[in-house]
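Asks: Need coordinates for the below:
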Amino acid sequence: MKHSRLYSVAFNKCPRCAEGDFFITKSAYSFKFDKMNKHCPNCGENLVPEPGFYQGALYMSYAFYVVFMLAYFLVFVNLFGEYLDYFLFSIIPVLIILTPYFYRLARRSWLAIFISPRAEEVVQNIK
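Replies: The predicted structure follows:
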């Protein structure tokens, strides 16, 4: 469903209209990966509601890291059980590489909790 919170989080879209981009760049792996629009280019929704709003996204990011590390650990143990010593050596570079992605994902998720999609657009999608 296009006008859902999950869609806006997954595809870098505004949580209100699901049309405008949340971050300026499409890729998490560019030099401007952390630059986000202050307002939605499509509907004008304020994407920075107040100073310090995205401090809560730090906790979301932490939760994403924990879930990823648990899943990585379970896969690593089942595939490479006898080489468990290499787990720490392999997870650190992986987490460093995933940092920009988790940063962006946490911010989009945090804002999607507080801003719901437009009701009239959701009703149109159901019909």
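Asks: Look at residue 61 and report its pLDDT.
Replies: In this model, residue 61 is scored at 95, pLDDT.
Asks: State the helix or strand in which it lies.
Replies: Assigned by DSSP states H and E, residue 61 belongs to helix 56-79.
Asks: where does the protein dip in pLDDT?
Replies: 1, 119-127 (pLDDT under 70).
Asks: residue ranges for the strands of it, please.
Replies: Counting by DSSP state E, one finds no strands in the chain.
Asks: you'd agree residue 34 is up against residue 103?
Replies: Yes - using CB atoms under 8 Å, residue 34 is in contact with residue 103, at 6.6 Å. In this view, the C-beta of every residue, glycine as well, is placed from N, C-alpha and C.
Asks: Same drill for these two, tell me which one is more crowded.
Replies: More neighbours surround residue 103 than the other of residue 34 and residue 103, with 19 against 14 (other CB atoms under 10 Å).
Asks: Now do that one against residue 61, distance only.
Replies: Computed as CB to CB, to the nearest Å, the residue 103 to residue 61 distance reads 6 Å.
Asks: related to what we said a few turns ago, now do the helix holding residue 61: everything it contacts.
Replies: Residues from elsewhere that reach helix 56-79 (CB atoms under 8 Å, 6 or more residues apart in numbering): 84, 87, 90-91, 94-95, 98, 102-103, 105-107, 109-110.
Asks: and if we set it to 6 Å?
Replies: Helix 56-79 is contacted by residues 87, 91, 102, 106, 107, 109, 110 when judged by CB atoms under 6 Å, 6 or more residues apart in numbering.
Asks: Could you export that helix as PDB, CA atoms only?
Replies: C-alpha atoms of helix 56-79 as PDB (Å, rounded to 0.1, in the frame of the first residue of the first chain):
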ATOM      1  CA  GLY A  56      14.800   9.700  19.700                       C
ATOM      2  CA  ALA A  57      16.000   8.300  16.400                       C
ATOM      3  CA  LEU A  58      19.200   7.400  18.200                       C
ATOM      4  CA  TYR A  59      17.300   4.800  20.200                       C
ATOM      5  CA  MET A  60      15.700   3.500  16.900                       C
ATOM      6  CA  SER A  61      19.100   3.200  15.400                       C
ATOM      7  CA  TYR A  62      20.300   1.300  18.400                       C
ATOM      8  CA  ALA A  63      17.400  -1.100  18.100                       C
ATOM      9  CA  PHE A  64      18.200  -1.700  14.400                       C
ATOM     10  CA  TYR A  65      21.900  -2.400  15.300                       C
ATOM     11  CA  VAL A  66      20.900  -4.900  18.000                       C
ATOM     12  CA  VAL A  67      18.400  -6.800  15.700                       C
ATOM     13  CA  PHE A  68      21.000  -6.900  12.900                       C
ATOM     14  CA  MET A  69      23.800  -8.100  15.300                       C
ATOM     15  CA  LEU A  70      21.600 -10.900  16.700                       C
ATOM     16  CA  ALA A  71      20.600 -12.000  13.200                       C
ATOM     17  CA  TYR A  72      24.200 -11.800  12.000                       C
ATOM     18  CA  PHE A  73      25.400 -13.800  15.100                       C
ATOM     19  CA  LEU A  74      22.800 -16.500  14.500                       C
ATOM     20  CA  VAL A  75      23.700 -16.900  10.900                       C
ATOM     21  CA  PHE A  76      27.400 -16.800  11.700                       C
ATOM     22  CA  VAL A  77      27.100 -19.500  14.400                       C
ATOM     23  CA  ASN A  78      25.100 -21.800  12.100                       C
ATOM     24  CA  LEU A  79      27.400 -21.400   9.100                       C
END
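Asks: Perfect, I'm done here.
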